[in-house]
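Novice: how would this look folded up:
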Amino acid sequence: MGWALITLTAVGAVAAIVSWWAPPRLGHATTVAAGVASFAVSLPLVARTAPTSALGGWLRDDALSTVFLLAVSFLYALTSIFAVGYLHPGSDRVAAARYSRRLFAGLNLFCWSMVMAVIVNGLALLWVSIEVTTVVSALLVAIDDTEGATEAAWKYVLIASMGLGMALFATIVMYQAGTTVFGSGYELFYPKLLAGAPHFSASIVRLSFVLAVVGFGTKMGLVPVHTWLPDAHSEAPTPVSALLSGSLLAVAFYAILRYFQITVRAVGPEFPRHVLLGFGLASLALAALYLARQRDLKRLFAYSSVEHMGILAIGMSFAAPIAIVGVLLHVLAHAAAKGTAFFGAGSFLRKLGTKDITRIAGGVGALPLSGPLLVLAVLGLCAMPPGGMFRSEFLIVSGGLSDPSDAVVAVLVVLVTLASLGLVFYASSTMLGATPDNVVRGETSAAMVVAMVGGIAGLILLGVHPPGVLSHLIERAAAQLGAPT
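Specialist: Okay, the predicted model is just below:
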């Protein structure tokens, strides 16, 4: 299956080049083809029970990376479809064509860098890939060239750069830990590090893990290094917001999990779990408070992302394997639900010209398809059955109760409930009720609806009956994150 990894390294890059140089219509078609192809090429890897490698071991895919590859490629496919409908020609055809080339080339390059982050083999290459995501996504945040977008992009670059500087230091420190076993010159490949981890210096590994959590936690949106996230998600074009929330945060979490694997083998599971628990509780608590006082629809979903990143961190703090299974399922469900939620926000922005919650009313009447789909996405984010997040959060809570971490589980349930109340309140106030007389009923684009239907279908599939091969994949990935026997 090495061909699949090589194909994934080429698809997004080629699509970015074509989108930049080709006429807009060809760029749109190429982007959709690249997104769907990336997801299609990722699917055969799900059934693989042994790791796959290519290019002399520089590319590697195991169960853990496949889970995150599915999240990224699935949202890549949906976002490419949504973006075609989201983009409108405008009055200036030359400016619209230039904007289209920049947006679609950037989307493809952004998705390519995230795919690369989860299929490269080693901490150094992982850091480089995530650094590329920062550069590309910052340009995409600022692409609308407004004062708010420019400010959000600069804040993102400054905070993310500082975070990734700490992540680079974490990589160097982990390399230093390995020199006592492998000598002064070696590659930071995952199998090598995992094999030598029991012999690493415990204090050095602890330092590396904390640096990695703070550094990559900046990209993941963990409190208190989350402050770029609400502004960037709010000001970026909707396709970019969907990828930032549903894919990029997951990729940053993947990086933390790679350090988690090594740390568990070097110092035991207690230390990394306690670190993640602290960041997770802080993130969930702050998000629950801020979700109750938002006026911007996209900022509302941005703080919901902070909430769910907190849930992932807390879930990893539980010792029960079922909780880790729930965490990995949550990654996939969050990509589907949050991508769809942002698609819905983009639909209303195109329809009504605003994302101000106080100015949106009767959404279901204004957009008879996108409105109900957005309601379903919000309910999915609130872990309502039959969505995938109901299943994943149920598994996380079950794992916490069997750990036992009753007090932590109680706090988790209370904070998630508060956050859900905020989401439901704003969703009901904007979606339900009478539609203003000056709003024409109807959808703005069929492509946008198709993307939302795909996201909801994936979310419900994960909740009702995940395919057996996917369940086995998640179980294998969870076993990789457990303490060695």
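Novice: so what's A266 up against?
Specialist: For A266, the contacting residues are A177, A197, P198, F200, A202, V205, by CB atoms under 8 Å, 6 or more residues apart in numbering. The C-beta positions use only the backbone N, C-alpha and C, and glycine is treated the same way.
Novice: what do you get for L329?
Specialist: Contacts of L329 by CB under 8 Å, 6+ apart are G388, R391, S392, L395, L462, P466, I474.
Novice: what do you get if the cut-off is 10 Å, keeping everything else the same?
Specialist: Contacts for L329 (CB atoms under 10 Å, 6 or more residues apart in numbering) come out as 67, 315, 388-389, 391-396, 462-463, 466, 470-471, 474, 478.
Novice: and the residues you listed, which are buried?
Specialist: 67, 315, 388-389, 391-396, 462-463, 466, 470, 474, 478 (16 or more other CB atoms under 10 Å).
Novice: thinking again about what came up before, and the two most separated of the contacts of A266?
Specialist: A177 and P198 (11.5 Å; CB to CB).
Novice: more neighbours: which of the two?
Specialist: Just comparing A177 and P198: by other CB atoms under 10 Å the higher neighbour count belongs to A177, 25 against 11.
Novice: quick one: buried residues of the lengthiest helix in the chain?
Specialist: Using DSSP state H, we find that the single longest helix of the chain is helix 147-182. By neighbour count on 16+ other CB under 10 Å, the buried set for helix 147-182 is 149, 152-153, 155-157, 159-160, 163-164, 166-178, 181-182.
Novice: again with stretch 25-45
Specialist: Applying 16+ other CB under 10 Å to stretch 25-45 flags 27-32, 34-39, 41-43, 45 as buried.
Novice: now, these that are in helices?
Specialist: Reading helices off the buried residues of stretch 25-45 with DSSP H, I get 27-32, 34-39, 41-43, 45.
Novice: confidence score at the nearest residue to G422 once chain neighbours are set aside?
Specialist: Once flanking residues are discounted, G422 sits nearest to L291: 3.4 Å by CB to CB, 6 or more residues apart in numbering. Reported pLDDT at L291 in the predicted model: 81.
Novice: and M1, by the same measure?
Specialist: Taking M1 on its own, its pLDDT is 66.
Novice: for the helix or strand that G371 is a member of, output the C-alpha coordinates as CSV.
Specialist: Here G371 is covered by helix 370-381, with elements defined by DSSP states H and E. Taking Å, rounded to 0.1, in the frame of the first residue of the first chain, the C-alpha atoms of helix 370-381 are listed here in CSV:
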residue,chain,number,x,y,z
SER,A,370,-29.3,24.2,4.8
GLY,A,371,-31.3,25.5,7.8
PRO,A,372,-32.5,22.0,9.1
LEU,A,373,-29.0,20.6,8.3
LEU,A,374,-27.4,23.2,10.4
VAL,A,375,-29.8,22.4,13.2
LEU,A,376,-28.8,18.7,12.9
ALA,A,377,-25.1,19.7,13.0
VAL,A,378,-25.6,21.8,16.2
LEU,A,379,-27.5,19.0,17.8
GLY,A,380,-24.6,16.7,16.8
LEU,A,381,-22.1,19.0,18.5
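Novice: packing partners for that helix?
Specialist: For helix 370-381, the elements it packs on are helix 297-316, helix 321-352, helix 363-366, helix 388-402, helix 406-431, helix 446-464, judged by 3 or more CB pairs under 10 Å, 6 or more residues apart in numbering; DSSP states H and E.
Novice: recalculate using a threshold of 8 Å.
Specialist: Applying 3 or more CB pairs under 8 Å, 6 or more residues apart in numbering; DSSP states H and E, one finds that helix 370-381 contacts helix 321-352, helix 363-366, helix 388-402, helix 406-431, helix 446-464.
Novice: distance between the helix or strand of the chain with the lowest mean pLDDT and the chain's centre?
Specialist: The weakest-scoring helix or strand in the chain, judged by mean pLDDT, DSSP states H and E, is helix 363-366 (a mean of 74). Relative to its chain's centre, helix 363-366 lies at 28 Å (CA atoms, centre = their mean, to the nearest Å).
Novice: which residues touch stretch 127-136?
Specialist: 106, 109-110, 113-114, 116-117, 120, 156-157, 160-161, 164, 167-168, 171, 216, 219, 248, 251-252, 255.
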